[in-house]
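>>> Turn this into a structure:
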Amino acid sequence: MTSLPLYRNDSLRRIELRHAADGLMQRAGVAAADWAALLAGEKNQPVLILAGPGNNGGDAFEVARLLHERFFDVCVVFPGAPDKLPPDATTAYQRLIAAGAQTVPSVPEEHPWSLIVDGLFGIGLTRPPEGGYAAMIATANRLAERDTCPLLALDCPSGLNAETGTAHSPTINATHTISFIGAKPGLYTADGPDCCGEIRISPLDLDIATKTEADGHLISLDDFSGRLNARRQNTHKGSFGNAGILGGAKSMVGAALLAGRAALKLGAGRVYLGMLDPEAPSVDLLQPELMVRRADSLLQTDLQALACGPGLGRSAEAARLLEQALKAPVQLVLDADALNLLAEDGRLEGNLYNRFAPAILTPHPAEAARLLNCSVRDVQNDRIKAACELAERYRSHVALKGCGTVIATADGRWCINTTGNPGMATAGTGDVLSGLIVALLAQDWPPETALMAGVHLHGAAADRLVAGGIGPVGMTAGEIIDAARRCFNAWVGDRATL
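Numbering: from 1, shown residues only. Predicted coordinates:
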């Protein structure tokens with residue numbers, strides 16, 4: 001699967017200006033009308049179309065005209081003034097009227113609809129809808145639920161920020177979204193997946209990839225397929241590196257065990273656990289291949305990669321051990337309490353910033369907020385910005401976890417992951433992710449590639465579980481480990497057959 005490029009609003013507007021004479025609104029209308037006709041079903045079905053005061057409204061007029069000409073019973077709601085529309089939208093409105101259709105100022109509610117089309121604001125709205133338009137959005141959502149009919153959003157559900165994925169109140173709850181020219185990042189992170197439903201990208205016959213550099217991309221197997229190589233026959237455990245897990249403070253030993261089991265089952269040659277709890281078991285009876293030792297001893301072990309944080313705690317001892325790890329010339333994965341300690345201690349932050357060996361940070365939104373000294377709302381309101389700020393501030397690769405995990409690098413590049421499901425919202429899944437990433441690092445994967453692959457695999461494994469009837473409700477972190485092993489080996493096998 002090819003990585004899908006993502007474009008911010010400024011990039012899209014430059015593309016639109018470059019192709020201003022190419023009839024983009026008419027092309028958008030055709031693409032959307034084709035899908036709308038399929039969603040509405042048989043001809044003569046009633047279709048409700050909401051048209052806004054800008055060019056998204058113009059797209060809606062084009063869709064309405066084309067559906068009218070295909071003999072659908074179209075009702076176009078347009079509360080605005082035709083003489084205040086932008087030029088292209090004015091032309092589309094005039095074409096609709098010339099075709100014999102009419103508009104009405106408010107939403108009729110007396111009969112059921114087979115389809116509702118949202119053409120109110122698209123990507124143009126970055127603040128909460130107000131007044132009558134807010135009421136139209138709320139009514140559209142209610143009618144779609146009442147009539148159990150599809151709700152198709154043009155370009156972006158109205159009320160959703162197309163750059164950040166923040167859903168204002170109210171926002172269209174689309175079952176389907178057709179996005180024009182290129183994909184927008186806000187459709188795939190934060191509230192975007194909940195608001196967009198099924199997404200289709202219509203490039204409108206533009207070859208923008210050759211003339212416009214994408215701002216980001218969606219992660220796909222293409223990003224790391226070159227590393228999915230079958231193992232040579234002539235190998236031994238030393239060929240696949242030594243991975244370490246530093247954590248397991250009192251009452252949190254399970255976190256380190258989960259991370260260690262994940263690292264082992266993703267192929268690290270040896271996995272060492274350094275436990276802070278002096279009463280921690282010296283062997284994992286369910287996974288005796290793991291080598292358990294005291295935390296200080298772990299830092300004296302020859303490691304290719306070290307994950308710090310699973311069950312680490314925030315004690316003075318944990319801070320001391322983290323400082324030693326930050327000074328060690330080993331690749332690091334920092335998660336959980338390792339991140340909280342970083343946020344609390346400027347000296348540790350300096351140790352991380354001045355490292356030469358690569359580091360990966362995997363915060364959830366609350367941990368990211370502590371690292372950036374801001375609120376969780378600030379982080380979630382612009383997840384891409386937050387991830388990029390973290391990567392720059394700490395000179396590290398960053399995965400800001402959550403719906404549509406955002407990966408950012410210190411040089412400003414970013415991408416979004418789309419695998420995963422709500423079943424992952426359970427204790428221990430972050431520990432499993434740390435184990436997956438540290439295993440790939442131990443096997444000599446480049447840090448950025450290991451991070452993308454680990455995040456993508458983590459979500460894909462959870463998706464496999466749901467497809468097999470396990471979850472999303474009640475899915476456990478431990479179940480993801482074996483699913484990740486199966487998924488990864490399937491990827492390697494698929495590539496071997498190409």
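
>>> Show me the chain divided up by domain.
Domain segmentation of the chain under automatic domain parsing yields 5-216, 221-496.

>>> Would you enumerate the residues in contact with Ser239?
Arg232, Gly269 (C-beta atoms under 8 Å, 6 or more residues apart in numbering). Using the backbone N, CA and C atoms, a C-beta is placed for each residue, glycine as well.

>>> one step back: could I get the domains of the chain as CSV with mean pLDDT?
Formatted as CSV, those follow (pLDDT from 0 to 100):
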stretch, mean pLDDT
domain 5-216, 96
domain 221-496, 97
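
>>> For the residue nearest the centre of the chain, what are phi and psi?
Nearest to the geometric centre of the chain sits Gly404, at 1.6 Å (C-alpha atoms, centre = their mean). Recorded main-chain torsions at Gly404 are phi 70, psi 60, according to degrees, to the nearest 10.

>>> Settle this for me: it is touching Gly192, isn't it.
Yes. Using C-beta atoms under 8 Å, Gly404 makes contact with Gly192 at a distance of 6.5 Å.

>>> in the stretch 351-498 of the chain, which spans are helices?
365-372, 376-381, 383-394, 429-442, 447-467, 477-496 (DSSP state H, counting those that start in this stretch).

>>> looking at those, which is buried most?
helix 429-442 (a mean of 30; mean count of other C-beta atoms under 10 Å).

>>> Tell me which other helices or strands that one touches.
Counting by 3 or more C-beta pairs under 8 Å, 6 or more residues apart in numbering; DSSP states H and E, the packing neighbours recorded for helix 429-442 are strand 242-247, helix 253-265, strand 305-308, strand 331-334, helix 447-467, helix 477-496.

>>> gap between it and the chain center?
Distance, stretch centre to chain centre, for helix 429-442: 18 Å (C-alpha atoms, centre = their mean, to the nearest Å).

>>> Could you export it as CSV, CA atoms only?
As requested, the backbone C-alpha atoms of helix 429-442 are provided in CSV (Å, rounded to 0.1, in the frame of the first residue of the first chain):
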residue,chain,number,x,y,z
THR,A,429,-0.8,-1.3,25.6
GLY,A,430,1.8,1.5,25.8
ASP,A,431,4.2,-1.0,27.5
VAL,A,432,3.7,-3.4,24.6
LEU,A,433,4.4,-0.6,22.1
SER,A,434,7.7,0.2,23.9
GLY,A,435,8.7,-3.5,23.6
LEU,A,436,7.9,-3.7,19.9
ILE,A,437,9.9,-0.6,19.1
VAL,A,438,12.9,-1.6,21.2
ALA,A,439,13.0,-5.0,19.6
LEU,A,440,13.2,-3.4,16.1
LEU,A,441,16.0,-1.1,17.3
ALA,A,442,17.9,-4.1,18.7
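
>>> hang on, the earlier thing: what touches both of Gly404 and Gly192?
Gly165.

>>> what's the burial count for Ala427?
11 (other C-beta atoms under 10 Å).

>>> Just give the closest residue to it, not the sequence neighbours.
Ala477 (6.7 Å; C-beta to C-beta, 6 or more residues apart in numbering).

>>> ditto for Leu326
In space, Leu326 is closest to Asn351, 3.9 Å off (C-beta to C-beta, 6+ apart).

>>> OK, contacts around that neighbour?
Glu323, Leu326, Lys327.

>>> tell me the SS of Pro193?
helix (DSSP: H, G, I helix; E, B strand; the rest coil).

>>> Relative to Ile416, how far out is it?
Distance, Pro193 to Ile416, using C-beta to C-beta, to the nearest Å: 10 Å.

>>> Now for those two: what residues contact both?
With C-beta under 8 Å, 6+ apart as the test, Pro193 and Ile416 both reach Gly404.

>>> the more surrounded of those two?
More crowded of Pro193 and Ile416, by other C-beta under 10 Å: Ile416, with 27 against 17.

>>> Test my guess that that one contacts Leu6.
Yes. Contact between Ile416 and Leu6 holds when scored by C-beta under 8 Å: they sit 6.8 Å apart.
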